[in-house]
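**Q** Take a look and give me a structure for this.
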Amino acid sequence: MRYGAVQLFAARMGASDSHFSLDGPVAAAVVAICRRLDGIPLAIELAASRAAVLGIEELAARLDDRFRLLTGGRRTALPRHQTLRATLDWSYELLPESERLVLRRVAIFAGAFPLEAAIAIAAASELPAPDVIDGVANLVAKSLVSADFTGAASQYLLLETTRAYARERLTESEELDETARRHVEYHRDLFERAEAELETRSAKEWLKAYGGRIDEVRAALDWAFAPSGDAFVGVALTAASAPLWMHLSLLDECRERVERAISVSGPDLDPRREMQLYEALGRSLAQTRSPLAETIAAWQNVLELAEKFDDTEYRLRALWGLYNYHLTVGNDRACVAFAEGFRDLAAQQSDPTDRLVGHRMIGTALHFLGNQSEARRHIEHMLDRYVAPVQPSQIVRFEFDQRVLAQVFLSRILWFQGFPEQAFCMAQRSVEAARAIAHPLSLCIALGDAACPVGFGIGDLASVEANAAILRELSAKHGLPIWNAWARGINSAVLIRQGDLGTGLGLLRSAMNEIRKTGFVQRNRVLSAVMAQGLLAAGQAAEGLSIIDEAFAQPGDNKEHWYAAELLRTKGELLFLEGAPGATVSAELHFRQALDCAHRQRSLSLELRAATSLARLWQSHTRGDEARELLVPIYDRFTEGFDTRDLKAAKSLIDGLS
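**A** Presented below is the predicted three-dimensional model:
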């Protein structure tokens, strides 16, 4: 009620309905109506008179047809004040023809536009550029166009109601398609220039210059691929604007746009544009539907085209994409090969940055392969020498900020190696770094693959719950279903750990089904262990064993992977609970296998877990001395993290054995 538009609407409604009250859903609907009518007093008066008949919500739903809907008003008013259309007709007819042309043509813009864009689209043989400039200035003076002079470059905007009216006039003049074509061509040229600027402008500057054009790109592509549009120029704009979708982390929408462009492309498609489209498709699929067969097909197409043109840049991008695909499906040895190929190709370039990215890729693959010591060496080598580029092209090329990725995987390695406090600090550093660059996808991986799993590993459930909530909101906002399912899986794990087994197991089944459909093996391994541990707590050993067996049967070329020790340990716990003949012997065998696997991988945290489980088993069979001899030396190798969950559990058991 502090705003004049709402005050006017409420006053007119109150005059016709004494029971009118501006609260709850009614208030929200009134605000939406006033905003869509741009606060125009006549429009609001007419809307209030219609609302008295139709109701507030019905009126709000029908505003797209505002010119037919908003008629009536006071019987004593002039005819031009009795309908919104009549008022705009009256204003429009007073304009000279040159200004009518400008008003109609700039109605093609979805939002604010610079003067340069108005000239490119409105100027023609009958309307030279100086006349367009004069026309825009005169329309601003007559309040039909708004101007914003606060930024470095002036921006102009039609109010929504004025734009809707002028768009109707544009359609009536039979100029709509020609104007829309110019709109698409202008933005195609704009983003072809913008792609070149990726190498020279900072991410912040680039996004400030081009990020606000996303609605124009949407509108341009909608027309281009419509029956009356021009698909050929639409394909060109799709390819040119792909970096924008990536920067804004609108990957699901990017995938839809690129798939449409590829589907209408004919034999005349420029092979370089085809390469750009498949590269954008591969990246967007990796975060929205990964890793379906079309993901690897897209990257193979990019690699073939890049080799055909001897294009090192796109060969690097293709190797990255193929590496990322195999990492997702658990082909860890193949990942090492692709990462080494990336590093060796990058070494031929003068810029050392990409070569360091190759080391980070190798380190990540070795982490999943279970070689934590070598993984750490490669990632620390990268972090010690890496200088973050100011150009946003690095993020566009390889999906994530590379420093953030290195910090993410170093935090995980530190936890596995038995440095929980350092791991937690590094995970927090990755989150802060991702927030500092304002890149949503990098923040997703920092939250989902560092802060949450490390927090869960040390038993800090409050931080996990908070970070998972942020991840869920972020992934929903940016259309990242894989990350959203992962966030829900993490939240389910917290509920299970807190003892809410019924809710947690139900939600976890749903999240696992979604992730299983994507073939995301690495994440399914973690969730399988969590599910089995929840079933263990619920006393459902048989189902838990089935889950673990499924996890070991998942595709991939690495059966002794980074999480194998934890899965073996969990299977031992389930076998002991099941109590079948020979259960104790079988459980002990699995605990020993888990212990040996963790020791070979130099994974002290998983070694402690396996030793704790085996020590408990021995304690229950009056083998306390053996249990103590096993557990104490492993516990004593820790130098930090004594307040974390696993270390406290081990210390409590040691004290009991004493």
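**Q** All the helices of the stretch 251-400 of the chain, residue numbers only.
**A** Assigned by DSSP state H, counting those that start in this stretch, the helices in the stretch 251-400 of the chain fall at 251-264, 271-288, 293-309, 312-329, 332-346, 353-369, 372-385, 393-398.
**Q** Verify the contact between residue 26 and residue 56 for me.
**A** Yes: counting by CB atoms under 8 Å, residue 26 touches residue 56, with 5.5 Å between them. In short, each C-beta sits where N, CA and C put it, glycine included.
**Q** out of the two, which sits in the busier spot?
**A** Neighbour count, other CB atoms under 10 Å: between residue 26 and residue 56, residue 56 has more, with 23 against 17.
**Q** Pass me the low-pLDDT residue ranges in the stretch 201-350 of the chain, would you?
**A** For the stretch 201-350 of the chain, the stretches flagged by pLDDT under 70 are 290-291.
**Q** Not counting its neighbours along the chain, what's nearest residue 421?
**A** If the residues on either side of it in the chain are set aside, residue 421 comes closest to residue 640, at 4.6 Å by CB to CB, 6 or more residues apart in numbering.
**Q** Could you tell me how many residues sit around that neighbour?
**A** 13.
**Q** measure it to residue 371 for me?
**A** 23 Å (CB to CB, to the nearest Å).
**Q** Does the residue nearest to residue 421 touch residue 423 like I think?
**A** No: contact criterion CB under 8 Å: residue 640 and residue 423 do not qualify, at 9.7 Å.
**Q** what's the burial count for residue 605?
**A** With other CB under 10 Å as criterion, residue 605 counts 26.
**Q** So which bits of whichever helix or strand it is part of are buried?
**A** Counting by DSSP states H and E, the element that carries residue 605 is helix 604-620. In terms of neighbour count (16 or more other CB atoms under 10 Å), helix 604-620 has its buried residues at 604-619.
**Q** Helices along the stretch 501-650 of the chain, start to end?
**A** Using DSSP H, counting those that start in this stretch, helices in the stretch 501-650 of the chain cover 501-518, 521-537, 541-553, 564-578, 583-600, 604-620, 624-636, 645-657.
**Q** Throw these into TSV and include distance to residue 478 and mean pLDDT, thanks.
**A** Shown next, in TSV, are the helices of the stretch 501-650 of the chain (distance: least, CB to CB, whole Å; pLDDT from 0 to 100):
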stretch	distance to residue 478	mean pLDDT
helix 501-518	17	92
helix 521-537	18	93
helix 541-553	29	93
helix 564-578	31	95
helix 583-600	37	96
helix 604-620	32	97
helix 624-636	43	97
helix 645-657	32	96
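**Q** Let me have those helices in a markdown table, extended by distance to residue 325.
**A** Output for the helices of the stretch 501-650 of the chain, formatted as a markdown table (distance: least, CB to CB, whole Å):
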| stretch | distance to residue 325 |
| --- | --- |
| helix 501-518 | 12 |
| helix 521-537 | 11 |
| helix 541-553 | 20 |
| helix 564-578 | 22 |
| helix 583-600 | 26 |
| helix 604-620 | 27 |
| helix 624-636 | 37 |
| helix 645-657 | 33 |
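**Q** how about the ones you listed, which one is nearest residue 176?
**A** Nearest to residue 176, of all the helices of the stretch 501-650 of the chain, is helix 501-518, at 41.6 Å by CB to CB.
**Q** Can you tell me what sits against that closest one?
**A** Contacts to helix 501-518, defined as CB atoms under 8 Å, 6 or more residues apart in numbering, come from residues 289-292, 328, 481-482, 485-486, 488-489, 491-496, 498, 523-524, 527-528, 530-531, 534-535, 537-538.
**Q** Show me which residues of it are buried.
**A** For helix 501-518, by 16+ other CB under 10 Å, it's 501, 504-505, 507-508, 511-512, 514-516, 518.
**Q** Which of those residues sits closest to residue 410?
**A** residue 515 (24.4 Å).
**Q** for the record, mean pLDDT for the longest helix belonging to the chain?
**A** The longest helix of the chain (DSSP state H) is helix 176-197. Helix 176-197 comes out with an average pLDDT of 94.
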